[in-house]
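Q: Below are the sequence and a predicted model for it; my questions follow.
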Amino acid sequence: MDKNIILQVEKVSKKFGGVKAVDEVSFTLKKGDVLGVIGPNGSGKTTLSNLITGFVEKDSGIVLFKGQNISRWAPHKIADAGLARTFQVMRPYPTLAAYKNIIPPLYSPRARRTARGKLGDRSAVAIDILEEVGFERDARVPYKLAGTLPLGYLKRLELCRCLALRPELIICDEVFSGLSMSEIASMVPLMKRLQESGITLIMVEHRLRELFKIADRAIVLNFGAKIAEGSPGEIFNDDKVKKAYFGGEDDYVFAK
Amino acid sequence: MAELRKERLDRGVKVRTDSIYAVSSMKEIMFLIGPGLALVIILLVLPLLLSPYWERVLALTGVYVLLSIGFGFLAGYVGMVFLGGALFVGVGGYISGLLNTVGVPIYLSIPLATLLGALLCTLAFLPCLPLRGIYFTMVSFVYPLLAARLIAATGVFGGTDGLPGLDVFPNKWVSLYLIVGVILVVVFAISRLVNYKDIGLVLRGVKDNEQAIKASALNLTWYKAQAVFITAVLGCFGGAYLTHLYGWVGMSLFATEFSSLPVAATVVGGISTVFGPMMGAFLLVPISEALREFGTLRIVFYSVIMVCFVAFWTEGLVDYLKRKYEQFEHWVKV
Amino acid sequence: MEIVIYGIVNSIILILMSSGFALVYGVSRVPNFAHGALFILAGYMAWVFLNRFNLPYILAVLLALVIVTVIGALLYRIIIVRVRGMRTSEIIVSLGVGIAILEYLRWSGLRGMAVMLPPFISGSTSILGVVIDYQRLFIVIGGLGLLAFLWSFTAYTKTGLALKAIAQNERAALALGIDSDMAATVAVALGALFAGIAGIFILPIGNIVVELGYDVLIFAIAVSVCGGVGSWKGAVYASFLIGFAQILTVSYIAAHYHFVVALLVIILVLIIKPSGLFGRQKELEERV
């Protein structure tokens, strides 16, 4: 097993009732990569994330993380192994300060293991993490009630929840969706910083332009099946991809 | 036509006590700790004032207070509606009683029964913990009944007659101040747990955001078990206490009433604070006892009250009072 | 052979007892904890009409059933509808009503002395060499009849289809104009009716005792949880599983364990398959 391969997904499938949500999807990921997962609405992107992270039971297929078979593992065990994920729909505690949302993951066995030496006061560590991600400590942003924070901060909060675990791989579920242009502009460098710090990323995204500022490779899903994989150039010249997004024999050119 | 709407504003003193001015004057300090202090004083003084009949009622009320706080904690904070409180009472009572029959003195048997009983009960509920809320609730209701029927069927531990002739508390001061003391400690401990401890946040997540908890590498079932254990400790102590209050233990310690009255108390008192269930119990139990001569009609009484509160006045007494204490409201023109 | 016959009878008794509860829960997701109380109430009212008002049997039974159905509908309309959607409150409220009814009956006269309904036809017959009383035969016929009715009702009548639609996908049903509240009222009323029918069929076997009200509720819960929610097949299978387990225990171990067995079966099923035998609980959870 190539030591560099951190995630191997093989022929993973899931059916809900009569609908094939994910159809025999396979891909491989090397350490430090950034992989985009794109596709039209309903193509199974989020379900794929759920399958990999153990929140939904697969019908078939194997998932190998760092060489270990995590196919049947419970979600918390997978997170404990270093595979974290964000949620598209976030539910922070609205009446609690933002940093308090990061305390539960700091309470986990993994956080205690990966902290060099004693973890110390979790509140202080939480605020440190928030600051690294852009919550200005001087402006007391970490102390603001989570319910009052704008979406950009909430998305960062979700990432913090993952970072508290010191993960090796993060699956980011639509981090750019719903953000204003300025929020996106500040989000991109953050994602780049995450990659530079050694974390492997899978980014499930709709916003292709921003995605490809960070990722250099992507897989395209349609109706649950992987229809293309490769660099942006390769993908967007693929007929199947064009058909999936636009339908039919139209000749569209992507401005990249 | 002028439309009116109700406007609620925090009282001045509440606003001041939310920030650093809280310690600026006696008035603010009293506002903050007044209710709590009054409660502590009343609880400590009560045993001195009551007639023997009411002393018994206080003791029983105390047990229900613990059960209600336990239920309120599990239901309101951790999000698990648990209808099996009677199991804790019965198990705690029987363990203490059994230990007593082999010669263990009550100052040992009660703590042992509390911890051991809580451990056993938590283990017993382990298979049900992963169940989704409502199924957990349904199955939890059934457990105490199972236990009671088992004892009746097998005749162990004295069967339907129970075990008589156990040690009682040496005098009423011990029994009353024991329960009062435990209540005060529990209220303090749970408030601390809920508001200041990190594990409190995790437990809150169990209620509000299961996904985030799982994604944070935390084992949901383990934390649910801890929460159940806490409630079990309260209930088992109550059972052991009752055993040595009456001097005997029997199947009646598994009575459904121990499961249902705490629910009514929490509903009446309000679910969002520790004090809600406590006040609810302080209200319902004495009235229920006073109605004892009417037989099971008293159960009808508090069941109906509970239904009315849930259906028509969901806020609960203590929450209502707390709101009035902290805010004032008036009508404003829109 | 005796075991087979009595096992079947027992299982059908369980099906009868739990169909009302399972129906209401499956359709409107309302757990009606007053189910057991309604079971006993119907029987008791029939008894009162029969013995205090001296009404003919058929009339007494019909009246009791009608009243119980109306109570069910009112229970929903007045109380449950106010807490609709908050599962725990629905449980607490219906449990409160159930306890209130049962304890009131206990206080007002249902204790000690034998209160019982006469069997439809007294006497017994023998089937395949096993002696079985007519009442139990009627229970089997009644139980199967009920299942058949439910199946055709949900498959062929407009109301039934509406209920089925809501059970499968509430949002879609609402979008199609099916009134969720109305459907829930109908469901709860029907559930009450079935509880009453179950009472009328089953109570003649023994006395009308308040404890039985709690037992019925527990069996209904047991069947629903074991069978997995929202699954007819599951409820039937679970009933047979528990039913036969009980009969086997009674025959080979001791008579008074039959209640305990039901509970042990629940716990065992839960450990092995947490979503019930045919439960779709997990699937429902996954859609989040």
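A: On my side now, so go ahead.
Q: Pretty sure residue B:177 sits against residue B:45.
A: No. Look at residue B:177 against residue B:45 with Cβ atoms under 8 Å: they stay out of range, at 11.1 Å. The way it works is simple: take the backbone N, C-alpha and C, and place the C-beta from them, glycine included.
Q: Compare those two and say which is more crowded by neighbours.
A: The residue with more neighbours, out of residue B:177 and residue B:45, is residue B:177; 14 against 10, by other Cβ atoms under 10 Å in any protein chain shown.
Q: Quick check: nearest residue in space to whichever residue of chain A sits closest to chain C, chain neighbours excluded?
A: Using Cβ to the nearest Cβ, residue A:56 is the residue of chain A that sits closest to chain C, at 4.7 Å. Sequence neighbours aside, residue A:50 is the residue nearest to residue A:56 in space, at 4.0 Å (criterion: Cβ to Cβ, 6 or more residues apart in numbering or on different chains).
Q: Am I right that the residue of chain A closest to chain C is in a strand?
A: No. Under DSSP: H, G, I helix; E, B strand; the rest coil, residue A:56 sits outside any strand and is assigned coil.
Q: hang on, it packs against residue A:47?
A: Yes. If you go by Cβ under 8 Å, residue A:56 and residue A:47 touch, sitting 6.5 Å apart.
Q: Now list whatever residues contact both of those two.
A: Overlap of the contact sets of residue A:56 and residue A:47 (by Cβ atoms under 8 Å, 6 or more residues apart in numbering or on different chains) consists of residue A:14.
Q: Can you give me the neighbour number for residue A:122?
A: Neighbourhood size, residue A:122 [other Cβ under 10 Å]: 20.
Q: so what's the closest residue to it other than its chain neighbours up against?
A: Nearest residue to residue A:122, sequence neighbours excluded (Cβ to Cβ, 6+ apart): residue A:106, at 4.5 Å. Residue A:106 makes contact with A:119, A:122, A:125-126, A:164, B:198 under the criterion Cβ under 8 Å, 6+ apart.
Q: Let's see that with 10 Å instead.
A: A:99, A:112, A:115, A:119, A:121-123, A:125-126, A:129, A:161, A:164-165, B:198, B:201, B:216 (Cβ atoms under 10 Å, 6 or more residues apart in numbering or on different chains).
Q: Kindly report the same for residue B:12.
A: So residue B:12 contacts B:28, B:31, B:328 (Cβ under 10 Å, 6+ apart).
Q: Restricted to buried residues, select these in PyMOL.
A: The buried residues among the contacts of residue B:12 can be selected in PyMOL (16 or more other Cβ atoms under 10 Å in any protein chain shown) with this line:
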select buried, chain B and resi 28+31
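Q: Now narrow the contacts of residue B:12 to whatever sits close to chain C.
A: Among the contacts of residue B:12, not one lies near chain C by Cβ under 10 Å from any Cβ of the partner chain.
Q: phi, psi of residue A:34?
A: phi -130, psi 120 (degrees, to the nearest 10).
Q: Any idea what it is bridged to?
A: On the basis of DSSP bridges, residue A:34 is bridged to residue A:201.
Q: For it, report the pLDDT, please.
A: Per-residue confidence (pLDDT) for residue A:34: 91.
Q: now swap in the one 3 residues further on and tell me
A: Listed pLDDT for residue A:37 reads 91.
Q: hang on, it in a strand?
A: Yes. Per three-state DSSP, residue A:37 lies within a strand segment.
Q: And residue A:79, how far from residue B:223?
A: Note on residue A:79: its distance to residue B:223, by Cβ to Cβ, to the nearest Å, is 14 Å.
Q: more neighbours, these two?
A: Per other Cβ under 10 Å, whichever of residue A:79 and residue B:223 has more neighbours is residue A:79, with 26 against 20.
Q: thought the more buried one was touching residue A:166?
A: No. Here residue A:79 lies out of contact with residue A:166, judged by Cβ atoms under 10 Å, at a distance of 11.2 Å.
Q: Need the residues touching each of these two.
A: In contact with both residue A:79 and residue A:166: A:105, A:110, using Cβ under 10 Å, 6+ apart.
Q: pLDDT value on residue C:232, please?
A: pLDDT for residue C:232: 69.
Q: go on, residue A:117?
A: Residue A:117 is assigned 52 on the pLDDT scale.
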